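Engineer: Got a sequence here, can you build the structure:
(2 chains)
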Amino acid sequence: MDVSTIIQLIWILLFILLITGLNQRIQLKLWVFDIRTKLNTIRSLLEEDKAKTRSMLRNLGVEVPEAIIERVIEFFTIEPVEIEPVDIIKRMDHLLRTTEASVRKIVSSHLPSLGRHELSLIESSLSIVAALNIVYKVIRHYLLIGERENNFILIMQLEYLMPQVMRIAYTYHEALDSFMYGKPVGDGAGPLVVYNLIERSEVKSRRVIDDTSVVEAYYKGRRLILVKAEGPGSNVGHPGAVISRIVEDLKGSINLIITIDASLKLEGEETGSISEGVGAAIGDPGPEKIAIERAATKYNIPLRALVVKMDLKEAITTMKKDIVEACERASILIERMIEELTPPNATIVIAGIGNTMGIPG
Amino acid sequence: MPLHTLQLTDFAWLVVLIIIIVYMIYDLYSRRPKRSITYTRETLVCTKCGLNVERDFEPGDFIGLVKGKCPSCGGNLKIKAIYSIEKTKR
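Structural biologist: Okay, the predicted model is just below:
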């Protein structure tokens, strides 16, 4: 057989594959193989994280850690009815607070002698495992449906989504270490800026309302009300509800509200770059953000925002040095904003939004 | 045409095929994320003389914690920052 015959045969074979659609079936099988390999990687990450959590709970004296792990990672919250918008924020807030209290109750019932700080680290570690578990189950669900129904489009979408999904899975996997040992994460940028401000100001009083720390301090003749989640445990607090309460208590006699938060950067933007703007910088599902907006709008208080930019991985894993330095710059910028935007004797509410793990106060 | 006497066009096809395969393998490996190891470090500052000391993070540490004495003046060392450092593996 000579070369031209072989080439002719290859062309005929390709033609047959094209007209019978067999080429798509081959492509489908290749994609399914690739997705399954990546899904197995996610499963091994999940198993590794479950084993780490099991070992942590066993060291704390839990005899059957599997029971608590399975119960918490399968815990769900049903979203409130959206077609009836009346009091949706109130209903959502109620459901979110009930979820928080229920998970805390499950964990504390197994570990009654543990302090709040340690309990919060366990709750957060279990939430990380739960997030990875959801990623694994959703990808497995679509893979099995696509395979069962020979759904070329579904498998193709999944195949092209897999690099992004894998990045998310690795991010959750890496984040577990930070939450198990209570290291500050990138999302703690807001609380860290407020902590820096507390350290530099003349503190008058401290109190805790609703898991949220409220510090009254003075800076260059201005009264600062510094709000952040109570640390150093893994906690985001309820800054919206607390700011709303402070504004009502002071009957709106506040000159400025500033919120500081970590923000997801766009690709190409630098980690640790700072931007300022207007609005409530807070990434909750709604109740906390709307509470700040309503309080500011009711009394016509200027609402300013400052964000420290980072990507998802940087937000939920141990804080990078770039972000620590950015927080220092943000603290200086806040001081400048205070001097520029308010007169002496003004009252300013400054809220650091985010998880305060590893950051006290 | 016998197999050992390749024509110029067949040879050109073969070269194109090899180039494509080599490019695909290179593309596959060059896109793989680089493996890295992350260390957690902390900066401690002496509350008396302001000396900066850098150490590895230990479980239970948090920002603001007073941890040890200053090697220079004996003042309290306070954790100022906790951060991660990434080292890329070859």
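Engineer: chain center to the longest strand along chain B: distance?
Structural biologist: For chain B, the longest strand by residue count, based on DSSP state E, is strand B:76-88. Chain-centre distance of strand B:76-88: 16 Å, with Cα atoms, centre = their mean, to the nearest Å.
Engineer: next one: stretch A:264-271
Structural biologist: Taking Cα atoms, centre = their mean, one finds stretch A:264-271 lying 17 Å from the centre of the chain it belongs to.
Engineer: Name the residues that touch the longest strand of chain B?
Structural biologist: By Cβ atoms under 8 Å, 6 or more residues apart in numbering or on different chains, the surrounding residues in contact with strand B:76-88 are A:183-184, A:317-321, A:323-324, A:358, B:34-48, B:52-53, B:57, B:61-70. Bear in mind the C-beta positions are built from the backbone N, C-alpha and C, glycine included.
Engineer: same check, this time on stretch A:197-206
Structural biologist: Stretch A:197-206 is contacted from outside by A:213-219, A:224, A:226, A:331, A:334-335, A:350, A:361, using Cβ under 8 Å, 6+ apart.
Engineer: tell me which residues in the strand or helix carrying residue B:26 are buried?
Structural biologist: Per DSSP states H and E, residue B:26 falls inside helix B:8-30. Applying a neighbour-count criterion of 16 or more other Cβ atoms under 10 Å in any protein chain shown, one finds residue B:10 buried in helix B:8-30.
Engineer: Give me the next element, helix or strand, following that helix.
Structural biologist: Next along the chain after helix B:8-30, taking DSSP H and E as the criterion, comes strand B:36-46.
Engineer: Quick check: next helix or strand after that next one?
Structural biologist: Later in the chain than strand B:36-46, the nearest helix or strand by DSSP H and E is strand B:52-56.
Engineer: State the mean pLDDT of the helix or strand following that following strand.
Structural biologist: Per DSSP H and E, strand B:52-56 leads on to strand B:66-69 as the next helix or strand towards the C-terminus. For strand B:66-69, mean pLDDT rounds to 91.
Engineer: again with stretch A:61-72
Structural biologist: What stretch A:61-72 shows for mean pLDDT is 90.
Engineer: So what touches it?
Structural biologist: With contact meaning Cβ under 8 Å, 6+ apart, stretch A:61-72 is reached by A:50, A:53-54, A:57-58, A:103, A:106-107, A:110-111, A:113, A:123, A:126-127, A:129-130.
Engineer: So which bits of it are buried?
Structural biologist: A:62, A:65, A:68-69, A:72.
Engineer: Off-centre distance for that stretch?
Structural biologist: In terms of Cα atoms, centre = their mean, the centre of stretch A:61-72 is set 24 Å apart from its chain centre.
Engineer: Look up phi and psi at the residue in the stretch 51-200 of chain A that chain B sits nearest to.
Structural biologist: The stretch 51-200 of chain A approaches chain B most closely through residue A:181 (4.7 Å), counting by Cβ to the nearest Cβ. With angles defined as degrees, to the nearest 10, residue A:181 sits at phi -100, psi 0.
Engineer: Could you report the neighbour count for it?
Structural biologist: As a burial measure, residue A:181 scores 19 neighbours (other Cβ atoms under 10 Å in any protein chain shown).
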